[in-house]
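> okay, here's the prediction I keep looking at, along with the sequence it came from:
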Amino acid sequence: MVRGDILLVDDDVKLLRMLTLRLEAEGYGVVAATGGGEALAWLDQGEPRFVLADLRMPDMDGIELLRRIQERHPHLPVAILSAHGDIPDAVRATHAGAVDFLVKPVDRERLLGCIRRHLPAPDEGGCINAGGEIVTRNPQMRELLDLARRVAKTESGVLVTGASGTGKELLARAIHAASSRDGKAFVAVNCAAVPAELLESELFGHRRGAFTGAHSDHPGLFRAADGGTILLDEVGDMPPELQVKLLRVLQEREVRAVGDTRTIAVDVRVLSATHCDLRARIADSRFREDLYYRLNVVELRLPSLEERREDIPLLVAARLAKLAADGGPRRTYSPEAMELLVAAPWPGNVRQLFNVVEQNVALSPSRVIGAALVRRSLGEEPAMMPTLDQARMEFTRGYLRRILELADGNISRAARLAGRNRTDFYKLMGRYGIDPAEFKASA
């Protein structure tokens with residue numbers, strides 16, 4: 001597969017042909033598979049950027065295919081296609097992790113809208129994504145990633161700026177992975193976390209006996225990154241006396257260890273990152289202007305999470321998939337809970353969001369994370385009494401879950417116990433975000 005392909009999976013050959021022609025006319029590259037097994041074989045050859053799979057196929061249904069794709073490629077968006085617009089099917093697909101549920105015959109605008117929400121249009125060009133860890137639909141972020149892809153192919157110095165928690169190191173790693181130095185070492189050092197008196201030794205190395213405690217030779221991080229890339233994180237906090245020595249290393253491309261008289265040549269690409277305003281630090285003589293221009297050939301400013309709120313559902317989905325892939329429980333957010341996440345202030349940016357998601361996954365008693373738990377994680381109204389409507393909803397959700405446990409996930413039996421018909425019971429499960437498959441699996 002080539003980058004940008006869409007993988008279509010359906011046992012209806014005529015429909016596959018029609019959808020292929022429609023998407024190719026829009027400029028997308030398309031690969032078609034007539035079943036789940038063939039689709040998985042394509043995935044072994046190369047990862048597409050979007051999958052559209054039929055719900056009902058002879059060899060493997062769309063939900064099972066979705067689950068297998070999530071095991072191998074947890075960040076790959078998958079939409080489910082069905083000839084029936086049944087609410088239970090839509091609920092099942094959504095809870096399994098599908099990004100959308102489309103009904104045949106497929107409306108052209110609906111299909112294109114679904115695809116464009118999850119990958120750029122073909123004329124937007126490819127952009128680096130750090131192996132799928134950077135997800136976005138924000139125009140500002142897409143432009144930034146495209147610039148990063150271009151500069152990654154050069155040896156130019158890159159200064160990544162942005163508030164704490166926006167993902168500066170992740171972007172630096174993506175630049176390294178997209179460069180010709182991929183496969184060599186990527187070394188990151190936080191200049192603010194290392195004591196000033198030890199930072200020179202940490203970067204450039206030292207000889208045995210150079211100072212108290214130097215019991216053996218230490219090569220330093222620049223030599224450890226030889227052939228690869230070094231990230232100087234929070235470079236704005238580097239002591240002024242060390243800035244002079246760093247400038248010399250950048251100019252001469254060689255390092256001298258503390259306590260040594262000889263210099264050693266190094267081939268290292270230097271990336272730097274900071275949350276502070278380096279121009280302001282230059283103005284008050286805390287940062288060297290000549291070093292600034294050495295480091296800042298290209299500046300990439302990461303937007304805050306507040307500037308890219310439309311990415312919050314994507315980031316949450318990616319984090320949930322990552323936690324599940326690492327052996328954690330599978331969780332999803334209720335619509336009300338997701339609305340709270342999207343609207344919340346995020347002073348800690350993506351780092352804070354991921355912390356809240358991980359906390360919610362660990363503490364949620366059910367598969368669906370509710371609004372109350374999100375409020376508690378955000379520190380909002382921890383002791384507030386729920387409204388009557390909220391209490392009624394929580395009671396009903398708990399009642400339905402208890403009924404399904406008693407019925408071992410059998411919908412007909414659960415509906416009889418609840419005194420409802422199957423159709424009404426399905427509607428109730430959809431309204432309260434309950435997946436009957438969860439109870440069948442536990443049984």
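Arrived safely.
> ok, the nearest residue to Ala98 once chain neighbours are set aside - contacts?
Spatial nearest neighbour of Ala98, excluding adjacent residues (C-beta to C-beta, 6 or more residues apart in numbering): Ile80 at 4.6 Å. Bear in mind the C-beta positions are built from the backbone N, C-alpha and C, glycine included. Under the criterion of C-beta atoms under 8 Å, 6 or more residues apart in numbering, the contact partners of Ile80 comprise Ala53, Asp54, Leu55, Gly62, Ile63, Leu66, Asp89, Ala93, Ala98, Asp100, Phe101, Leu102.
> any idea which of those residues is least confident?
In terms of pLDDT, the least confident member of these is Asp89, at 80.
> nearest residue to it other than its sequence neighbours?
The shortest distance from Asp89 to any residue other than its chain neighbours is 5.7 Å, reached at Ser82 (C-beta to C-beta, 6+ apart).
> that neighbour and Pro105: what is the separation?
Ser82 sits 11 Å away from Pro105, going by C-beta to C-beta, to the nearest Å.
> so between those two, which is more surrounded?
Ser82 (18 against 9; other C-beta atoms under 10 Å).
> which residues touch that one?
Under the criterion of C-beta under 8 Å, 6+ apart, the contact list for Ser82 reads Asp54, Leu55, Arg56, Gly62, Asp89, Ala93, Phe101, Leu102, Val103, Lys104.
> secondary structure element holding the third one?
Using DSSP states H and E, Arg56 falls within no helix or strand.
> pretty sure it sits against Leu65.
No. Assessed by C-beta atoms under 8 Å, Arg56 is found out of contact with Leu65, at 11.2 Å.
> those two - which one has more neighbours?
Each of Arg56 and Leu65 has its neighbours counted (other C-beta under 10 Å); Leu65 has more, 27 against 14.
> which SSE is immediately downstream of the helix or strand that one falls within?
With the criterion set as DSSP H and E, the secondary-structure element containing Leu65 is helix 62-72. If you walk from helix 62-72 toward the C-terminus, the next helix or strand you reach (DSSP H and E) is strand 78-82.
> each with direction, which strands does that following strand pair with?
Sheet neighbours of strand 78-82, with direction, are listed as strand 50-54 (parallel), strand 100-103 (parallel) (DSSP bridges).
> quick one: average pLDDT of it?
Model confidence over strand 78-82, given as mean pLDDT, is 91.
> also stretch 168-183?
Mean per-residue pLDDT for stretch 168-183: 94.
> restricting to C-alpha, output that stretch in CSV.
Only the C-alpha atoms of stretch 168-183 are listed here, as CSV (Å, rounded to 0.1, in the frame of the first residue of the first chain):
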residue,chain,number,x,y,z
LYS,A,168,7.1,19.3,22.1
GLU,A,169,9.3,16.2,22.7
LEU,A,170,6.8,14.0,20.8
LEU,A,171,7.1,16.4,17.8
ALA,A,172,10.9,16.3,18.0
ARG,A,173,10.8,12.5,18.0
ALA,A,174,8.6,12.6,15.0
ILE,A,175,11.0,14.9,13.2
HIS,A,176,13.9,12.5,14.0
ALA,A,177,11.8,9.5,12.8
ALA,A,178,11.1,11.2,9.5
SER,A,179,14.7,12.2,8.9
SER,A,180,17.6,10.4,7.3
ARG,A,181,18.9,9.8,10.9
ASP,A,182,16.1,7.5,11.7
GLY,A,183,17.5,4.3,13.1
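> hang on, the earlier thing: please list only the buried members of the contacts of Ser82.
Judged by neighbour count, with 16 or more other C-beta atoms under 10 Å as the criterion, the buried members of those are Asp54, Leu55, Gly62, Asp89, Ala93, Phe101, Leu102, Val103.
> quick check: the gap between the second one and Ile6.
Pointing back at Leu55 there. Noted for Leu55: a distance of 18 Å to Ile6, by C-beta to C-beta.
> same question for the first one.
Here the criterion is C-beta to C-beta. By it, Asp54 lies 14 Å from Ile6.
> now swap in the fifth one and tell me
Look at Ala93 and Ile6: by C-beta to C-beta, they are 18 Å apart.
> try the last one
Separation of Val103 from Ile6 (C-beta to C-beta): 19 Å.
> so where's the stretch 151-300 of the chain uncertain?
Per-residue confidence for the stretch 151-300 of the chain (pLDDT under 70) gives no ranges below the cut-off.
> okay if I get the strands paired with strand 78-82 as a markdown table plus distance to Phe439?
As requested, the strands paired with strand 78-82 are arranged in a markdown table below (distance: least, C-beta to C-beta, whole Å):
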| stretch | distance to Phe439 |
| --- | --- |
| strand 50-54 | 25 |
| strand 100-103 | 21 |
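> quick one, which of the ones you listed is nearest to Asp435?
strand 100-103 (13.8 Å; C-beta to C-beta).
> and the helix or strand where Val30 lies, C-alpha only, in CSV?
Counting by DSSP H and E, the element that carries Val30 is strand 29-33. Included here for strand 29-33 are C-alpha records, laid out as CSV according to Å, rounded to 0.1, in the frame of the first residue of the first chain:
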residue,chain,number,x,y,z
GLY,A,29,-5.9,5.9,-3.3
VAL,A,30,-8.1,2.9,-2.6
VAL,A,31,-7.5,-0.8,-1.9
ALA,A,32,-10.5,-3.1,-1.9
ALA,A,33,-10.9,-6.4,0.0
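> so which bits of the helix or strand just after it are buried?
Of the helices and strands lying after strand 29-33 in sequence (DSSP H and E), the nearest is helix 36-45. Within helix 36-45, the residues that qualify as buried are Gly36, Glu38, Ala39, Leu40, Trp42, Leu43, counting by 16+ other C-beta under 10 Å.
> and what of stretch 291-299?
Within stretch 291-299, the residues that count as buried by 16+ other C-beta under 10 Å are Leu291, Tyr292, Arg294, Leu295, Asn296.
> could these go into a markdown table alongside secondary structure and distance to Asp424?
Written out in a markdown table, the entries for the buried residues of stretch 291-299 read as follows (DSSP: H, G, I helix; E, B strand; the rest coil; distance: C-beta to C-beta, whole Å):
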| residue | secondary structure | distance to Asp424 |
| --- | --- | --- |
| Leu291 | helix | 70 |
| Tyr292 | helix | 67 |
| Arg294 | helix | 69 |
| Leu295 | helix | 65 |
| Asn296 | coil | 63 |
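> which one of these is nearest to Lys427?
The shortest approach to Lys427 among these belongs to Asn296, at 58.0 Å (C-beta to C-beta).
> just the strands from the stretch 201-350 of the chain, written as ranges.
Listed in chain order, the strands of the stretch 201-350 of the chain (DSSP state E, counting those that start in this stretch) span residues 229-233, 254-255, 264-265, 269-274, 298-301, 332-333.
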